[in-house]
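Q: fold the following.
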Amino acid sequence: MAPNKQRHAWARTRSESKQKAMKAMKRCVMKKKKILRSGQTRRSNQAGAGKPDLRAISLVCPELAVAILAKQKDVENRTWPLPSTVCVPGGTWLALHVGSNRMPAAIRKHLQKAWDPAAACYPWKKMDLFQKTTGAPLPRSAIVGLIRIKGVRKLKRGERGENPWALGPMCWDIDRAVPLDKPIENVSGQVFCWSVDREQSISKRDRSRLYRALRDAKSLRGRGCFRPRR
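A: Predicted structure coming up:
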């Protein structure tokens, strides 16, 4: 082989070897980046899985919330079941939100029959359902407490005669109710079972306070428990 051709062949071989080495190095770098990204995603998912996604339900008026927080109304009546994606074994905690409406006449009439003022303690006993202004010690458009739903079922036959709070058609049994020390006001709320994290009318500070109250309620197991109905 002529010297010039030999030099060209050697240069071409060297160039090809260099390109192969660069490609191998690039594949190695890409593989390491992929491993790092997958590890970060896994850690992020694990961290997200530990964070609770608190949901809330809205009541039409403060008087209904008073009846729950006073541990008399032990059933929340809805036309739909609690979504299975929200349910937690052992009981599902929900934030209790009060809407901006005044009490409808039908609800007032029902509460006058079901509410027992003699069994109410302070501050709930201040509510007088026979007055035009009931004096319910809760604000409107506010998250006022936390409740735990023990289970969801259909209304049983003859249950309305045994429990004045059970109306159906779906009964959400409440076994714990904890009022917030200070309600979170100016909260718009939404229909059905809505996410506290996605509600834009709740500030970051108030959301953190609500989650602290949730942690406290979970840690103090006897707090807010309803007495078994006889």
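
Q: let me see the contact set for the residue nearest to Lys71 when sequence neighbours are not counted.
A: Using Cβ to Cβ, 6 or more residues apart in numbering and skipping residues adjacent in sequence, the residue nearest Lys71 is Phe226, 5.1 Å away. All C-beta spots, glycine's among them, are computed from the backbone N, C-alpha and C. The neighbours of Phe226, taking Cβ atoms under 8 Å, 6 or more residues apart in numbering as the test, are Lys71, Asp74, Ile174, Asp175, Arg176, Ala177.

Q: where along the chain do the strands fall?
A: For the chain, strands defined by DSSP state E occupy the ranges 55-59, 75-78, 92-98, 142-154, 170-185, 194-195.

Q: adding mean neighbour count and distance to Lys26, write these out as TSV.
A: What follows is the strands of the chain, written out as TSV (neighbours: other Cβ atoms under 10 Å; distance: least, Cβ to Cβ, whole Å):
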stretch	mean neighbour count	distance to Lys26
strand 55-59	21	48
strand 75-78	19	59
strand 92-98	24	51
strand 142-154	20	54
strand 170-185	19	53
strand 194-195	16	44
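
Q: shaky segments in this protein?
A: Scanning the chain for pLDDT under 70 picks out 1-15, 17-18, 29, 31-52, 230.

Q: rerun that using 50 as the cut-off
A: 39-50 (pLDDT under 50).

Q: Ala114 and Ala166, how far apart?
A: 10 Å (Cβ to Cβ, to the nearest Å).

Q: these two: who's more crowded?
A: Ala166 (21 against 16; other Cβ atoms under 10 Å).

Q: check contacts around the more buried one.
A: For Ala166, the contacting residues are Val75, Asn77, Leu155, Lys156, Glu159, Arg160, by Cβ under 8 Å, 6+ apart.

Q: of those residues, closest to Gln200?
A: Nearest to Gln200 out of the contacts of Ala166 is Asn77 (Cβ to Cβ; 28.6 Å).

Q: hey, what's the closest one bridged with?
A: Cys171 (DSSP bridges).

Q: can I assume it is in contact with Pro164?
A: No - the criterion here is Cβ atoms under 8 Å, and Asn77 misses it with Pro164 at 11.4 Å.

Q: what touches both of these two?
A: Shared contacts of Asn77 and Pro164, counting by Cβ under 8 Å, 6+ apart, come down to nothing at all.

Q: ok, residues contacting stretch 148-155?
A: 76, 81-82, 87, 91-94, 166-177, 217, 224.

Q: what number of residues lie near Asn101?
A: As a measure of burial, Asn101 has 14 neighbours, counting by other Cβ under 10 Å.

Q: show the contacting residues for it.
A: Asn101 neighbours (Cβ under 8 Å, 6+ apart): Val60, Cys61, Arg140.

Q: buried subset of the residues you listed?
A: The neighbour-count test (16 or more other Cβ atoms under 10 Å) applied to the contacts of Asn101 identifies Cys61, Arg140 as buried.

Q: closest to Asp197 out of the contacts of Asn101?
A: Closest approach to Asp197 among these (Cβ to Cβ): Arg140, at 22.5 Å.

Q: for that closest one, which non-adjacent residue is spatially closest?
A: Using Cβ to Cβ, 6+ apart, the nearest residue to Arg140 is Ser100, at 4.9 Å.

Q: from Leu82, how far off is the one you found?
A: 24 Å.
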